[in-house]
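> Return atomic coordinates for the entry below.
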Amino acid sequence: MTTPSGNLYKFMSILGLLLFFSCVLLPAIFLELNIRETNQVRRNLVQMGQERESLINRIKIYEEELAANDSLAATPEFMEMRKELERCRAEIDLRTKQLNLEKDLYDEQQLRERSIHPVMLGALVISALLLVAGMLGWYFRVQRPLNRLIRRELRRENPPGT
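Model prediction:
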């Protein structure tokens, strides 16, 4: 009688172990990458917000100067200040759009982070099932028949009564 092979069950168990370790290690790697990206996005948002506030303050200063000096209405300085004011307003609009885009990208990234977890949980369950199926399959299909075979051989070599 030939002994059954446990290669399939070894394969299942090893695959389950590999899948288990990948479920443990990959989220840590992804988390580190996401933390770096999130910190960069936060820095960008803070910087863009500060630039926007600075531009808004410049507009307020220009508007106050224009309101205080009615005699400047026809002078080249007035025209220059008016152009600067319009440029600042256009830049604020652009910065606001960029800020909103960055926020949308940040929200999308947070959503992607959350969608990784169910996949990892599913892979973790599959790895546990593979591990258990491989170990139980090996025990019942390989180890127990081997134990019976060894007992039979021992009984043949040492019959009970000798």
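
> what's the burial count for C88?
19 (other C-beta atoms under 10 Å). Every C-beta, even on glycine, is put in place using the N, C-alpha and C of the backbone.

> hang on, it packs against R58?
Yes - between C88 and R58 there is a contact under C-beta atoms under 8 Å: 5.4 Å.

> So P160, which state does it fall into?
coil (DSSP: H, G, I helix; E, B strand; the rest coil).

> For it, grab the count of nearby residues.
P160 has 5 neighbours, counted by other C-beta under 10 Å.

> measure it to L129 for me?
43 Å (C-beta to C-beta, to the nearest Å).

> With V24 instead?
Counting by C-beta to C-beta, the gap from V24 to L129 is 16 Å.

> Check Q50 too.
Computed as C-beta to C-beta, the Q50 to L129 distance reads 52 Å.

> and the two? which has more neighbours close in?
Counted by other C-beta under 10 Å, Q50 and L129 do not tie: L129 has more neighbours, with 13 against 10.

> That one touches G16, doesn't it?
Yes - counting by C-beta under 8 Å, L129 touches G16, with 7.5 Å between them.

> Tell me where this structure is predicted with low confidence.
For the chain, the stretches with pLDDT under 70 are 1-6, 70-75, 77-78, 81, 112-116, 162.

> what packs against the host helix or strand of R52?
Secondary structure assignment for R52, by DSSP states H and E: helix 7-68. The contact analysis (3 or more C-beta pairs under 8 Å, 6 or more residues apart in numbering; DSSP states H and E) places helix 7-68 against helix 76-138.

> helices and strands around the helix it packs on, which ones?
By 3+ C-beta pairs under 8 Å, 6+ apart, helix 76-138 packs against helix 7-68.
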